[in-house]
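Visitor: pasting a predicted model and its sequence here:
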Amino acid sequence: MREKYKEPTPPKSLRFLYRSRLGAPLLRLLSGRVISKIVGKYLDGRLSCRRIKKYVKNNGIDMSQYISEDYRSFNAFFTRRIRPELRPFAEASEAFVSPCDAKLSLYKLDSDSTFEVKGFRYTAETLLKNSELAKKYEGGYCFVFRLAVSDYHRYFYLDNCEKENNVFIKGRLHTVQPVALEKRRVFAENCREYTVMHTENFGDVTQIEVGAMMVGRIVNNHNAGRYSRGEEKGRFEFGGSTIVVLVERDKVVPDSEFLQNTADGYETAVLCGERIGTKYSE
């Protein structure tokens with residue numbers, strides 16, 4: 001069985017922002033794109049390197065797992081590359097894999113592509129702002145991969161696919177920690193970018209990268225084209241982030257523990273390239 005995570009006690013700063021009236025004006029300021037752009041410019045500069053050593057210590061990051069580099073900015077460090085032998089991709093064509101390191105929640109989409117997170121109801125249409133595309137996922141699954149700030153922040157193609165162009169949706173930049181999910185419709189409010197992937201084994205899969213507070217910059221490597229399972233798709237710059245993956249009905253059979261863990265209030269740890277389900281077969 002994989003490791004499960006219960007919602008941690010949020011830090012005082014986030015409790016102030018999301019659970020108090022006094023924090024609301026500051027939250028509006030901090031979740032705006034202007035502040036994130038200012039912070040992002042600093043984190044792209046050489047001066048930000050002074051943050052790296054303390055960050056590694058505070059987050060217990062094992063740097064021996066990563067390719068050794070001379071980081072020229074904090075964001076270069078934040079998007080560091082892991083040693084490839086530590087993230088092998090499941091090669092069997094029927095294996096449905098995680099596109100990233102994350103804590104996974106899984107939701108069954110009902111007949112109108114609706115699912116619920118922390119008391120808020122979402123629809124595929126509110127995520128995509130595309131009613132025609134959203135209909136494809138009626139009765140399918142919604143995989144929510146939450147990346148914490150200490151996680152590996154590069155993500156990869158989960159199958160061989162013909163990919164459409166990226167679609168960017170403007171929004172705010174709330175944190176993706178549970179304390180925010182219980183107060184705001186974060187996945188529908190935040191900046192996000194999605195793409196439809198016509199996969200070799202799992203039908204049409206739509207992947208949505210959701211930015212988060214304090215930069216949360218989404219950097220996708222490609223526009224339309226053909227790409228291979230395990231090829232790098234993109235990265236998130238500083239800030240916790242989320243990837244939402246929508247799959248059609250009768251295309252994937254997820255491992256049973258994910259639905260149960262989510263129903264019990266747990267997230268489940270998964271690694272990039274790890275099998276998390278199988279191809280549906282009648």
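Guide: Arrived safely, thanks for sending.
Visitor: any idea how far Cys161 is from Asp112?
Guide: Computed as CB to CB, to the nearest Å, the Asp112 to Cys161 distance reads 27 Å. Quick note: C-beta positions are derived from backbone N, CA and C, even for glycine.
Visitor: what about those two, which has more around it?
Guide: Cys161 (25 against 12; other CB atoms under 10 Å).
Visitor: the more buried one: what's it in contact with?
Guide: Under the criterion of CB atoms under 8 Å, 6 or more residues apart in numbering, the neighbours of Cys161 are Met197, His198, Thr199, Glu200, Val205, Arg226, Tyr227.
Visitor: name the nearest residue to it, ignoring sequence neighbours.
Guide: The shortest distance from Cys161 to any residue other than its chain neighbours is 4.0 Å, reached at Met197 (CB to CB, 6 or more residues apart in numbering).
Visitor: mind checking what secondary structure that neighbour has?
Guide: Secondary structure state of Met197, per DSSP: H, G, I helix; E, B strand; the rest coil, is strand.
Visitor: and it, what are its bridge partners?
Guide: Lys163, Val205 (DSSP bridges).
Visitor: beyond the longest helix anywhere in the chain, next helix or strand please.
Guide: The single longest helix within the chain, with elements called by DSSP state H, is helix 33-43. Downstream of helix 33-43, the first helix or strand assigned by DSSP states H and E is helix 52-59.
Visitor: buried residues in that next one, which are they?
Guide: Ile52 (16 or more other CB atoms under 10 Å).
Visitor: chain center to that helix, what's the gap?
Guide: Relative to its chain's centre, helix 52-59 lies at 22 Å (CA atoms, centre = their mean, to the nearest Å).
Visitor: output the contacting helices and strands for it.
Guide: In terms of contacts (3 or more CB pairs under 8 Å, 6 or more residues apart in numbering; DSSP states H and E), helix 52-59 is packed against helix 74-78.
Visitor: helices and strands around the helix it packs on, which ones?
Guide: helix 33-43, helix 52-59.
Visitor: now the longest one, how far from the centre of its chain.
Guide: Centroid displacement of helix 33-43 relative to its chain, using CA atoms, centre = their mean, is 20 Å.
Visitor: low-confidence ranges, the stretch 101-250 of the chain, go.
Guide: 118-119, 180-182, 214-216, 240 (pLDDT under 70).
Visitor: ranges for the strands of it?
Guide: Counting by DSSP state E, counting those that start in this stretch, the stretch 101-250 of the chain has strands at residues 102-108, 114-117, 120-123, 141-147, 154-156, 161-163, 167-169, 192-199, 204-210, 218-220, 225-227, 232-236, 241-247.
Visitor: okay, the ones you listed in TSV with distance to Arg185 next?
Guide: TSV is the format used below for the strands of the stretch 101-250 of the chain (distance: least, CB to CB, whole Å):
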stretch	distance to Arg185
strand 102-108	14
strand 114-117	8
strand 120-123	5
strand 141-147	13
strand 154-156	23
strand 161-163	27
strand 167-169	13
strand 192-199	12
strand 204-210	12
strand 218-220	19
strand 225-227	31
strand 232-236	20
strand 241-247	13
